[in-house]
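J.: test case, fold it:
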Amino acid sequence: MLRSLRTEGAATRTELARRTGLAKATIGTIVAELGTGGAVSEDQSAPSGRGRPGRPVTLTGESIIGLGFEVNVDYLAAVALDLGGNARISTIRQVESAGPPTIDEVLSLVTEIRDSMLAAGHSIVGATVAVPGLVEHDNRTIAWAPNLGWDNVQLAAKLESALGGTCPVTVDNDANCAALAEASHGVTTDVQHSLYITGTVGIGAGIVQDGRLLRGGAGFAGEVGHMPIGDESSVCGCGRTGCWEASVGLRAMLKAVGMDESETPLSTAVSVAERAAEDAGIRAALAELGTNLGTGLATLATVIDPSVIVLGGYFVPLGQYVVPAAETVLAARLPAADKHLPEIRLSSLGIHAAALGAAEGSLAGVYAGAVSI
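T.: Have a look, this model is predicted:
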């Protein structure tokens, strides 16, 4: 019933019985229980009775919170999402250390958000952390995150301790989380098949089909930044040469335009876009980057056949300079481009996309009935 209210909106008890296939009396019992727990509310002002429309039941759940965090090379992000899909907290922090964030910095942010939510009277039912790397099948262990310098890190256990052992913690890939956020809050709510491309120091992909992530045999699907289709002389953060990421990642872009990185990938790209408006050389460099981007997208689209390709992160402010070249390559390289050409869209969720998707993931146990409220 919670899933029905979230995806299809408010409904009367009769309508909920029709949607779910449950008996109306059962729906009444569930509504009463969920109302006591603060998950739903029933409009008592609406008239009810024989011959009158029923009172609509609405998913509220303001006090039931899922936490989402993103750990990236140069920033940390956090989102606290209530059961109705409303963000109660949305914040970003620049990494204070002279390199990737430390575990202590992550734990400090987690503790701060936890304390804020508990002080406001909220109940935290779960937390998910998005990271730019490979995550083991247990959804708790970071197998390999080269840009963070983390290898076999038991991150979930550390965060559960910081949260006081009161809620489960999972770990997921940042592109996977951002792809889910776009499907539920962003620019792919209208399609069933989408490919999300991160635009940070690393390049990853989240693949969504029929509302579910495609994870692959070991759960490592989407590590597209390490496809060997980049400049063979460029060294990647993974230590190899020729990776796509080394040609189209944030630092590759900055090297191409001769500019320095600022606080976050988005703020950096905004500065580049401002310069590009007046500098033909920078526009040409971005167009070349768009060509390299399109080459990789064409490779992926040939295999995955998405309806929409979403570009996130630093690509968004630079869309007008990068996307046209990528679209040209995509149209030229796809064997059936005349029959189906994926549309390239820019993310609408900003720097918080992965953290928002992580927060959605932390509420999944509630919608699956595995976590009581």
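J.: contacts, neighbours, all on C-alpha from now
T.: Fine.
J.: quick one: the strands in the stretch 151-300 of the chain, in order.
T.: 169-173, 193-197, 205-209, 212-213 (DSSP state E, counting those that start in this stretch).
J.: need the ones you listed in a markdown table with mean neighbour count, distance to Ala143 and mean pLDDT, can you?
T.: Formatted as a markdown table, the strands of the stretch 151-300 of the chain follow (neighbours: other C-alpha atoms under 10 Å; distance: least, C-alpha to C-alpha, whole Å; pLDDT from 0 to 100):
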| stretch | mean neighbour count | distance to Ala143 | mean pLDDT |
| --- | --- | --- | --- |
| strand 169-173 | 27 | 11 | 96 |
| strand 193-197 | 27 | 21 | 98 |
| strand 205-209 | 23 | 17 | 96 |
| strand 212-213 | 16 | 19 | 90 |
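J.: including distance to Ala284, could the ones you listed go into JSON lines?
T.: Converted to JSON lines, the strands of the stretch 151-300 of the chain look like this (distance: least, C-alpha to C-alpha, whole Å):
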{"stretch": "strand 169-173", "distance to Ala284": "33"}
{"stretch": "strand 193-197", "distance to Ala284": "22"}
{"stretch": "strand 205-209", "distance to Ala284": "26"}
{"stretch": "strand 212-213", "distance to Ala284": "36"}
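J.: tell me which of these approaches Gly99 most closely.
T.: strand 169-173 (20.2 Å; C-alpha to C-alpha).
J.: list the residues that contact Ser262.
T.: By C-alpha atoms under 8 Å, 6 or more residues apart in numbering, the contact list for Ser262 reads Thr268.
J.: gap between it and Ser97?
T.: Between Ser262 and Ser97 the computed distance is 14 Å (C-alpha to C-alpha, to the nearest Å).
J.: again, but for Ala368
T.: Ala368 is 39 Å from Ser97, by C-alpha to C-alpha.
J.: cool, Ile309 as well?
T.: Distance, Ile309 to Ser97, by C-alpha to C-alpha: 34 Å.
J.: find the nearest non-adjacent residue to Thr58, please.
T.: Ala10 (4.6 Å; C-alpha to C-alpha, 6 or more residues apart in numbering).
J.: same question but for Gly319, I mixed them up
T.: On the basis of C-alpha to C-alpha, 6+ apart, the spatially nearest residue to Gly319 that is not a chain neighbour turns out to be Leu346, at 7.1 Å.
J.: so what pLDDT did the one you found get?
T.: Looking at Leu346, its pLDDT reads 98.
J.: what number of residues lie near it?
T.: For Leu346, the count of nearby residues is 21 (other C-alpha atoms under 10 Å).
J.: quickly list what it is bridged to.
T.: Leu311 (DSSP bridges).
J.: is it true that it touches Tyr314?
T.: No. Leu346 lies out of contact with Tyr314 (C-alpha atoms under 8 Å); the separation is 10.2 Å.
J.: for the spatially closest residue to Thr241 that is not a sequence neighbour, give me its contacts.
T.: Spatial nearest neighbour of Thr241, excluding adjacent residues (C-alpha to C-alpha, 6+ apart): Val235 at 4.4 Å. Residues near Val235 by C-alpha under 8 Å, 6+ apart: 241-243, 246.
J.: run the last query once more with 7 Å
T.: 241-242, 246 (C-alpha atoms under 7 Å, 6 or more residues apart in numbering).
J.: can you check Ile373 too?
T.: Gly37.
J.: against Gly357, how distant is it?
T.: 21 Å.
J.: so what sits opposite Ala78 in the bridge?
T.: Assessed by DSSP bridges, Ala78 has beta-bridge partners Phe69, Thr91.
J.: list of residues touching stretch 165-182?
T.: 70, 124-135, 139-141, 156, 159-160, 188-189, 196-198, 204-208, 213, 353-354, 356-358.
J.: tell me the helices and strands packed up against the longest helix along the chain.
T.: The longest helix of the chain (DSSP state H) is helix 280-304. Counting contacts by 3 or more C-alpha pairs under 7 Å, 6 or more residues apart in numbering; DSSP states H and E, helix 280-304 packs against helix 245-248, helix 250-257, helix 319-333.
J.: what about Pro317, distance to Gly296?
T.: Pro317 is 20 Å from Gly296, by C-alpha to C-alpha.
J.: before we move on, the earlier item: of Ile309 and Ser97, who's got more company?
T.: Shown here are Ile309 and Ser97; by other C-alpha under 10 Å, Ile309 has more neighbours (25 against 10).
J.: test my guess that that one contacts Gln192.
T.: No. The pair Ile309 / Gln192 is not scored as a contact, 11.8 Å apart, by C-alpha atoms under 7 Å.
J.: can you redo the contacts of Val235 as JSON lines with distance to Gly35, pLDDT and neighbour count?
T.: Formatted as JSON lines, those follow (distance: C-alpha to C-alpha, whole Å; pLDDT from 0 to 100; neighbours: other C-alpha atoms under 10 Å):
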{"residue": "Thr241", "distance to Gly35": "57", "pLDDT": "95", "neighbour count": "19"}
{"residue": "Gly242", "distance to Gly35": "56", "pLDDT": "95", "neighbour count": "18"}
{"residue": "Ala246", "distance to Gly35": "52", "pLDDT": "96", "neighbour count": "29"}
